[in-house]
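Trainee: I'll drop the sequence and a predicted model, then ask my questions.
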Amino acid sequence: METRIFTGFMKHPSDFSELDAAISRGEIDPFRIVAILGKTEGNGGRNDFSRDLAVEKSRQVLATHLQQDPAVIEDRVLLSFSGGTEGVTTPHYRVFETRGTFPSAPLYESRLAIGRGRTRQFLPEEVGTMTMVEETAQTIRRILEQARIDPHDVHFVHVKGAIPYEWPPKSPRNSMAYSRGASALGVALALGEVNQHDLNDDMILQDYALYSRCASTSSKPGLSYSDIMVLGNSPWWNGNLVITHTVMQDILDAQSVISLFESFGISSSQLYKEAIAQRIHGVFAKAEADPRQSVRGYRHTMLSDDDIDDTRYARCVVSSILAAITGTPAVYVSTRAEHHGPLGGGPVAVILSIS
């Protein structure tokens, strides 16, 4: 089995002409697409319709090639778009596709592996509770078994978290923040990053000492289930792609990202060069304006600026750091990082070709 990645660039939020052309050329098999993750140029807020526009258009492109009703496309493909391309970030998307079958025996070296699955449908009162944490963890364990990925070899888990429609609103936890936080803790529980006995309803969005180093969770109002994609390395997969991750300890922690590349034998003097940028097939990060309003002992004003939202600041800073290190502005930085890495920091995952 092999994971392949196609990168498309967008002239506007509904521009999937490169995906359409790649499928028409036979470069991508639409029946083997597992997920599409992208960055759109909206504001990333609750009124950011660029994300829904991207989902709708990508769904239509796939429906045309698959000759299926657009309404059922997301049953087979995870479509997830993060708004906000502040600074140098370029609007883009990554198409994850599988080819082939599992070998009869594990291979000598591990390569990029992918799995996808859904939780059951949640009730509004279950969001942001241990029920959501445990169901998320259980679904991830099932994905890992099906994709033949060891939990210790997981480097990135994307969760499009549930927020079931509820009117009139009754459950205060049926919110984007609680959905993200509980989903991240579900990732941490599935991967052994936290212990079950340390988790309970009261610590969610309260005890930020417990977090995942691999999670990247978002939330979708009106979605009744959580849609999950797992990326790791596995000897049951081949190809020339691998994935690794690190955790930025704060919003300025470039050294952790540089050290990640050094673990692949890429020195800091080799970074920024085109040859390295061409080997990068995905950079995914979570960012957050430190709620303590301080970075390395210096006061920051990201949370008190009424003109620019703190999420836009955080995306701009982290994406600029990652673009400067990697030499490519095609970076995926998502904000709001409840239980994603330490306060003010966040996970970073990088997919590289090894040749």
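Mentor: Okay, I see it.

Trainee: Please enumerate the strands of the stretch 1-150 of the chain.
Mentor: Counting by DSSP state E, counting those that start in this stretch, residue ranges of the strands within the stretch 1-150 of the chain are 2-9, 33-40, 78-83, 92-99, 111-118.

Trainee: Rebuild the ones you listed as a markdown table, extending it with mean neighbour count.
Mentor: Placement of C-beta: from N, CA and C, glycine included. Formatted as a markdown table, the strands of the stretch 1-150 of the chain follow (neighbours: other CB atoms under 10 Å):
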| stretch | mean neighbour count |
| --- | --- |
| strand 2-9 | 18 |
| strand 33-40 | 24 |
| strand 78-83 | 23 |
| strand 92-99 | 21 |
| strand 111-118 | 23 |
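
Trainee: List just the one of these that sits closest to Phe284.
Mentor: Among the strands of the stretch 1-150 of the chain, strand 33-40 comes nearest to Phe284, with 7.6 Å by CB to CB.

Trainee: strands paired with the closest one, and their directions?
Mentor: Strand pairing for strand 33-40, using DSSP bridges, gives strand 78-83 (parallel), strand 92-99 (antiparallel).

Trainee: about what we covered before: using a markdown table, lay out the strands of the stretch 1-150 of the chain together with distance to Lys160.
Mentor: Formatted as a markdown table, the strands of the stretch 1-150 of the chain follow (distance: least, CB to CB, whole Å):
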| stretch | distance to Lys160 |
| --- | --- |
| strand 2-9 | 19 |
| strand 33-40 | 10 |
| strand 78-83 | 5 |
| strand 92-99 | 14 |
| strand 111-118 | 9 |
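
Trainee: nearest to Leu343, of these?
Mentor: Closest approach to Leu343 among the strands of the stretch 1-150 of the chain (CB to CB): strand 78-83, 21.0 Å.

Trainee: need the strands for the stretch 201-350 of the chain, in chain order.
Mentor: Using DSSP E, counting those that start in this stretch, strands in the stretch 201-350 of the chain cover 215-221, 227-234, 241-248, 280-287, 294-295, 298-299, 332-335, 346-353.

Trainee: which one of these has the most crowded surroundings?
Mentor: Looking across those with neighbours counted as mean count of other CB atoms under 10 Å, the highest average goes to strand 332-335: a mean of 27.

Trainee: Which strands or helices does that one pack on?
Mentor: For strand 332-335, the helices and strands in contact under the criterion 3 or more CB pairs under 8 Å, 6 or more residues apart in numbering; DSSP states H and E are strand 33-40, strand 78-83, strand 280-287, helix 310-326.

Trainee: want to throw those into TSV with mean pLDDT?
Mentor: Output for the helices and strands packed on strand 332-335, formatted as TSV (pLDDT from 0 to 100):
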stretch	mean pLDDT
strand 33-40	98
strand 78-83	97
strand 280-287	97
helix 310-326	96
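
Trainee: can I get the ones you listed in JSON lines with distance to Gln67?
Mentor: Converted to JSON lines, the helices and strands packed on strand 332-335 look like this (distance: least, CB to CB, whole Å):
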{"stretch": "strand 33-40", "distance to Gln67": "14"}
{"stretch": "strand 78-83", "distance to Gln67": "18"}
{"stretch": "strand 280-287", "distance to Gln67": "29"}
{"stretch": "helix 310-326", "distance to Gln67": "37"}
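
Trainee: of those, which approaches Leu231 most closely?
Mentor: Checking the helices and strands packed on strand 332-335 against Leu231 by CB to CB gives strand 280-287 as the closest, at 8.5 Å.

Trainee: give me the low-pLDDT residue ranges for this protein?
Mentor: Of all residues in the chain, none has pLDDT under 70.

Trainee: Which segments of it make up each domain?
Mentor: Domain ranges of the chain: 2-99, 111-232, 240-353, per automatic domain parsing.

Trainee: Packed most tightly, which of those would that be?
Mentor: Among these, highest average neighbours (mean count of other CB under 10 Å) belong to domain 111-232, with a mean of 21.

Trainee: Pull the distance from it to the chain's centre.
Mentor: A distance of 12 Å separates the centroid of the chain from that of domain 111-232, by CA atoms, centre = their mean, to the nearest Å.

Trainee: Tell me who's in contact with Pro151.
Mentor: The contact partners of Pro151, taken as CB atoms under 8 Å, 6 or more residues apart in numbering, are Arg141, Leu144, Ala190, Leu191, Gly192.

Trainee: Name the nearest of the residues you listed relative to Val77.
Mentor: The nearest one, if we look at the contacts of Pro151 relative to Val77 and count by CB to CB, is Leu144, at 19.9 Å.

Trainee: I'd guessed the closest one sits against Gly115; true?
Mentor: Yes - Leu144 is within contact range of Gly115, at 6.6 Å (criterion: CB atoms under 8 Å).
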